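Trainee: below: sequence and its predicted model.
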Amino acid sequence: MEMVIDFLGGARVDAHFGPYTVMTDQPPMGSGEGSAPTPFAVFLSSLGTCAGIYVLGFCKQRGLSTDGIRIVQRAIPDPFNRGMLGTIQLEIQVPSEFPEKYYSALVRSAEQCAVKQHFDKPPQFEIFTKEVAFA
């Protein structure tokens, strides 16, 4: 997958891929306008939404309603490494009528999230500069 990242002025930096655009900005205290989430917030949201896709799939496969199910994600700072996260919690909240026998299976399904899997085996990064001529 290829994405094109554009600089739109101020602190706006957007990613374009296929028919989609993911907009990002910084808050006013970070020289932005706060017009969109920060790149880090978008990154974090990809974890919870990815887990949600797997929980949704689990429920659909078994004909279980997702009414009242939600995931609450918490990012807990690393007390020894300033600016870094120490723990990311994903709390799958279910209504009282949701069958308890599926609780651990819901957790296992969320753990299959492809975004989380990339934390377990992170990719190598190659960052470089290339000069191009624009027409």
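Mentor: Good, I have the coordinates. Numbering: from 1, shown residues only.
Trainee: run a quick neighbour tally on Gln73.
Mentor: As a burial measure, Gln73 scores 15 neighbours (other CB atoms under 10 Å). Backbone N, C-alpha and C define where each C-beta goes, glycine included.
Trainee: what's the answer for Asp14, then?
Mentor: Neighbours of Asp14 (other CB under 10 Å): 16.
Trainee: do the same with the one 5 residues further on
Mentor: Neighbourhood size, Pro19 [other CB under 10 Å]: 5.
Trainee: residues contacting it?
Mentor: Pro19 makes no contacts at all, as judged by CB atoms under 8 Å, 6 or more residues apart in numbering.
Trainee: where do the strands sit along the chain?
Mentor: Using DSSP state E, the strands assigned to the chain run over residues 4-7, 13-17, 20-22, 70-77, 85-93.
Trainee: how about Gly34, nearest residue that isn't a chain neighbour?
Mentor: In this structure, Gly34 finds its nearest non-sequential neighbour in Pro27, 4.7 Å apart by CB to CB, 6 or more residues apart in numbering.
Trainee: for the closest residue to Ser45 other than its chain neighbours, what are its contacts?
Mentor: Spatial nearest neighbour of Ser45, chain neighbours left out: Pro37 (7.2 Å); criterion: CB to CB, 6+ apart. Applying CB under 8 Å, 6+ apart to Pro37 gives the contacts 24-25, 45.
Trainee: quick one on the thing from earlier: out of the strands of the chain, which gets nearest to Tyr103?
Mentor: Among those, the nearest to Tyr103 by CB to CB is strand 85-93 (8.1 Å).
Trainee: what lies in contact with the closest one?
Mentor: 44, 47-48, 51, 55, 68-80, 106-107, 110.
Trainee: ok so, going back, make a markdown table out of the strands of the chain and add distance to Phe125 and mean pLDDT.
Mentor: A markdown table is the format used below for those (distance: least, CB to CB, whole Å; pLDDT from 0 to 100):
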| stretch | distance to Phe125 | mean pLDDT |
| --- | --- | --- |
| strand 4-7 | 15 | 96 |
| strand 13-17 | 16 | 97 |
| strand 20-22 | 19 | 97 |
| strand 70-77 | 22 | 97 |
| strand 85-93 | 18 | 96 |
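Trainee: identify, out of these, the most deeply packed stretch.
Mentor: Most buried of these by mean neighbour count (mean count of other CB atoms under 10 Å) is strand 13-17; its value is a mean of 15.
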